[in-house]
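**Student:** Please work out how this folds:
(one chain, ligands or ions: 1)
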Amino acid sequence: MPTPNRSIWPHPTKLQTAQIVDQRWLPHQVVIADLTSVQETAIAIKDMWIRGAPLIGATAGYGMFFAIKEALQTDQPDTTFQKLTQQLLSTRPTAVNLHWAIDRQQKAINQANSPEEKLHIAWKTAGEIVEEDVEICRKMGEHGLSLIESIYQKNPNQPVNILTHCNAGRMATVEWGTATSPIYHAHQKGIPVHVWVDETRPRNQGARITAWELQEAGVPHTVIADNVGGHLMQHGQVDLCIVGTDRTTYTGDVANKIGTYLKALAAWDNGVPFYVALPSTTIDWEIRNGVEEIPIEVRDDEEVTFIQGWDEESQQIKKVRLTPAESPAQNYAFDVTPAKYVTGLITERGVCEASEAGIKGLFPAVKS
Ligand code: MRU
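**Tutor:** Residues are numbered from 1 along each chain as shown. Next comes the predicted model:
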């Protein structure tokens, strides 16, 4: 199966159907799944067939098309629509793009007068969210490129070593990725880069997905265990950290995959610049204090007590137990890095300080 360019797209022949890469099986199998209903979309988001904040938003965009379609087939369309919207909203609590996409679709659908128009506008809006994400991530790459370029110019005899955490790559968005977009732009410009890829326990999005994406793009990279980054930074082997985010407060506090905070502390202690790449759709304009107010998803502890991988002998994906059967486990999916540890935010409008002034300087029209 050839690797699709995108993580989500409208089905080329089946009407009112979206297709996704089912990421649970990457990198070992590239499986494509159809989405045709709210139930399927909610499962795909909750059980992480797709994941990554911008892609969760884009998928929810199609989910809202299914919601209005299903609601219009009942005799209580308004109540049903609200219920289905709630079902989508409850899938993953941390990624604010989910709320953003649902809100955008609700506003778009409310503009329409007839059932046909509602369906038309919801499908069109879902497509627009997808296309806009591609363009936003491309622009973030152009802005982030200058950071990589300036490090390279200071020391042109060696590749720029960049550490990233989790997967903020093309499978977390529609196409370019957030953290990986500046890396792709640098690579395409001929700037030598090398990426340290944190494995990102418990679901190993770094080892499975970021490594696969970079491999496919021909970007030199090395997978490391989650706890290696601090050691590398102490020994001058990391020039720059770039990570993604699921929700960033308008004051610059950053929620991202669990373990990001520890990387930021190590970067701070070693004077390594720590950047967060985010589309403006990931900014929470309501929340001031990220540590206290951002809801942190707690997932099934089986993700900690078991691990999944490719069994060479049987040539299939297997799940095996890691821990004593009786040992309890806890599975916090995200943590919050306070703004003071973030060197800057890479957005579609440029790079800014991780602060209210920095963010509002780039996005003055949005009120909080
Ligand atoms: O739990 P996941 O895999 O959805 O978490 C993804 C991340 O933490 C990403 O870093 C984040 O969504 C940024 S995506 C461009």
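
**Student:** Quick check: the gap between residue 302 and the ligand.
**Tutor:** 15 Å (C-beta to the nearest ligand atom, to the nearest Å). Glycine gets a C-beta too; all of them are placed from N, C-alpha and C.

**Student:** ditto for residue 306
**Tutor:** Residue 306 sits 17 Å away from the ligand, taking C-beta to the nearest ligand atom as the criterion.

**Student:** what's the answer for residue 219, then?
**Tutor:** From residue 219 to the ligand the distance is 16 Å (C-beta to the nearest ligand atom).

**Student:** SS state for whichever residue of the stretch 1-150 of the chain sits closest to the ligand?
**Tutor:** Proximity to the ligand, evaluated over the stretch 1-150 of the chain using C-beta to the nearest ligand atom, is greatest for residue 51 at 3.2 Å. Three-state assignment for residue 51 (DSSP: H, G, I helix; E, B strand; the rest coil): coil.

**Student:** near the ligand, which residues of the protein show up?
**Tutor:** Neighbours of the ligand within the chain, by C-beta under 6 Å from any ligand atom: 51-54, 166, 168, 172-173, 178, 205, 244-246, 256-257, 333.

**Student:** now, which of these lie within strands?
**Tutor:** 256, 257 (DSSP state E).

**Student:** Report how many residues lie close to the closest residue to residue 270 other than its chain neighbours.
**Tutor:** What sits nearest to residue 270 in space, not counting adjacent residues and going by C-beta to C-beta, 6 or more residues apart in numbering, is residue 233, at 4.1 Å. By the criterion of other C-beta atoms under 10 Å, residue 233 has 24 neighbours.

**Student:** List the contacts of residue 233.
**Tutor:** Applying C-beta atoms under 8 Å, 6 or more residues apart in numbering to residue 233 gives the contacts 163, 266, 267, 269, 270, 272.

**Student:** contact partners of stretch 291-301?
**Tutor:** Contacts for stretch 291-301 (C-beta under 8 Å, 6+ apart): 92-94, 247, 249, 253, 255, 284, 287, 328-336, 338.

**Student:** do the same with stretch 211-225
**Tutor:** Contacting residues not belonging to stretch 211-225 are listed as 3, 26-27, 159, 167, 169-171, 177, 180, 183-184, 187, 192-199, 206-207, 210, 232 [C-beta under 8 Å, 6+ apart].

**Student:** what's near enough to touch the closest residue to the ligand within the stretch 151-300 of the chain?
**Tutor:** In the stretch 151-300 of the chain, the residue that lies nearest the ligand is residue 244 (2.6 Å; C-beta to the nearest ligand atom). By C-beta under 8 Å, 6+ apart, residue 244 lies in contact with 52-53, 166-168, 172, 177-179, 256-257, 276-278.

**Student:** Now do the residue nearest to residue 177 when sequence neighbours are not counted, the pLDDT please.
**Tutor:** Distances taken as C-beta to C-beta, 6+ apart place residue 169 nearest to residue 177, at 3.8 Å, with adjacent residues excluded. Listed pLDDT for residue 169 reads 98.

**Student:** Let me know whether residue 169 touches residue 206 as I believe.
**Tutor:** No - contact criterion C-beta atoms under 8 Å: residue 169 and residue 206 do not qualify, at 9.3 Å.

**Student:** Quick one, which of the residues of the chain next to the ligand are buried?
**Tutor:** 51-54, 166, 168, 172-173, 178, 205, 244-246, 256-257, 333 (16 or more other C-beta atoms under 10 Å).

**Student:** before we move on, back to that, please indicate which of the contacts of residue 233 are buried?
**Tutor:** Looks like the contacts of residue 233 have 163, 266, 267, 272 buried, using 16+ other C-beta under 10 Å.

**Student:** number of nearby residues for residue 223?
**Tutor:** For residue 223, using other C-beta under 10 Å, the count is 18.

**Student:** which ones are touching residue 57?
**Tutor:** When contacts are counted by C-beta under 8 Å, 6+ apart, residue 57 is found next to 95, 97, 98, 100, 101, 129, 133, 281.
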